[in-house]
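K.L.:
using only what follows, build the 3D model:
(one chain, ligands or ions: 1)
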Amino acid sequence: MKEADFAPALLSWFDLHGRHDLPWQSPRSLYRVWLSEVMLQQTQVATVIPYFQRFLERFPDIESLANAPIDEVLHLWSGLGYYARARNLHKAARQILAEGGGQWPTDIEHLVQLPGIGRSTAAAILAQALDQRQPILDGNVKRVLARWFGIGGWPGQAAVLTRLWAASEAVTPATRAADYTQAIMDLGATLCTRSRPQCERCPVAPGCVAYREGLQSLYPGKRVVKGDRRTRQVVWVLIRRDGALRLVQRPPQGIWGGLWGFPEFPDLAAAISAMSVRAGTPPEFSRLTAVNHSFSHFDLTITPLLFDELGAAGIEDESSVWYNPHTPPAIGLAAPVADLIRAVSTGRVSFDLFSE
Ligand code: SF4
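P.N.:
Numbering: from 1, shown residues only. Okay, the predicted model is just below:
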């Protein structure tokens, strides 16, 4: 399945299995969709529905909300939690009334300036209320896209977030924006759940990197916190052929400069994609226990992937050596590399902590 097939497959699934009877879906006015999106920010649909209905009965339009005392707004919000949302809702209603005469901004740049409306919420409002093509990236969508594209790393990191937005941009269709937005949120909420996703029933399973590799639980990546120390994550690719492992020389600058080690990648998707190109087809591999290595100024977490390169010809290149532990060449190895070679060659591939 290609990127272009993602939205059509998702929309066909949505037509049959998606949620079409949510109270904010008809009519999909800006006010109702905004209210629902803010209520849904930290809360499940089933909890939100009665609050949404009570709120609308009392505040059927933006004027009634803006003119109400904040205490009454908070009273109707009681039990929903995250009360800053209610205060922001009230503030935003007053701002729209004061600055726009009750007219909603209909472009994302203005909408994100209202209190409590971030980029994804603004995009979801415009897509659902006005059918504008707007990529979204709420928590559920981050999970779906991280898994489908195999985007590793913690989404709180700017670089990871940028890749996820690019992924969302790549699969958002030009038409049926409102349905698509609801569809991808529904997929994340019902099938592509945090634990035990139901991949066998998923309409986009044929193109999903995490599903293909059986690595759903690795996406999205978790925050690695160890005191105030910086952390880095890398993936090492161990290619084994006839009992030897392929090593490349590390660049002269940087950690372990000039020593020999395994080819290194920033995340699983990059490693798997490079190996697919090398093998001409998505290869099978085993994921070994992650290795933690502490330097004086940061911690490194290494995820080793072991590929068995079958076939006599293989692929040669001049910049690498095949390291056979029984006839080891005289080259410098970083400590975790030597330990990994030993562990793989003796079948002992599960260990935890290395020190510098
Ligand atoms: S195949 Fe599984 S992991 Fe991939 S998007 Fe579907 S439900 Fe999520």
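
K.L.:
show me which residues of the chain are close to the ligand?
P.N.:
Residues of the chain lying near the ligand by CB under 6 Å from any ligand atom: 144, 147-148, 191-192, 197, 199, 202, 204-205, 208, 210-211, 216. The way it works is simple: take the backbone N, C-alpha and C, and place the C-beta from them, glycine included.

K.L.:
turn those into a markdown table, columns for neighbour count.
P.N.:
Below are those laid out as a markdown table (neighbours: other CB atoms under 10 Å):
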| residue | neighbour count |
| --- | --- |
| Val144 | 29 |
| Arg147 | 26 |
| Trp148 | 24 |
| Leu191 | 19 |
| Cys192 | 28 |
| Pro197 | 24 |
| Cys199 | 17 |
| Cys202 | 21 |
| Val204 | 24 |
| Ala205 | 19 |
| Cys208 | 22 |
| Ala210 | 27 |
| Tyr211 | 20 |
| Gln216 | 20 |
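
K.L.:
could I get the residues you listed as a markdown table with pLDDT?
P.N.:
Converted to a markdown table, the residues of the chain next to the ligand look like this (pLDDT from 0 to 100):
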| residue | pLDDT |
| --- | --- |
| Val144 | 97 |
| Arg147 | 94 |
| Trp148 | 95 |
| Leu191 | 96 |
| Cys192 | 97 |
| Pro197 | 95 |
| Cys199 | 96 |
| Cys202 | 97 |
| Val204 | 97 |
| Ala205 | 96 |
| Cys208 | 92 |
| Ala210 | 88 |
| Tyr211 | 90 |
| Gln216 | 87 |
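
K.L.:
from the residues you listed, which land in helices?
P.N.:
144, 147-148, 210-211 (DSSP state H).

K.L.:
low-confidence ranges, the stretch 201-350 of the chain, go.
P.N.:
Applying pLDDT under 70 to the stretch 201-350 of the chain picks out residues 224-229, 310-318, 348-350.

K.L.:
go on, the stretch 1-150 of the chain?
P.N.:
Checking the stretch 1-150 of the chain against pLDDT under 70 turns up nothing.

K.L.:
looking at it, which residue is nearest the ligand?
P.N.:
Arg147 (3.9 Å; CB to the nearest ligand atom).

K.L.:
now for that residue: which residues touch it?
P.N.:
192, 197, 208-211, 216, 219-220 (CB atoms under 8 Å, 6 or more residues apart in numbering).

K.L.:
in the stretch 251-356 of the chain, what residue comes closest to the ligand?
P.N.:
Ala269 (13.0 Å).

K.L.:
other SSEs contacting the one helix or strand that residue maps to?
P.N.:
Using DSSP states H and E, Ala269 maps to helix 268-279. Secondary-structure packing of helix 268-279 (3 or more CB pairs under 8 Å, 6 or more residues apart in numbering; DSSP states H and E): helix 209-213, strand 230-241, strand 298-308.

K.L.:
quick check: nearest residue in space to Gly243, chain neighbours excluded?
P.N.:
Asn324 (6.1 Å; CB to CB, 6 or more residues apart in numbering).

K.L.:
which ones are touching that neighbour?
P.N.:
242-244.

K.L.:
for Leu300, give me its contacts.
P.N.:
Leu300 touches 231-234, 255, 292-294, counting by CB under 8 Å, 6+ apart.
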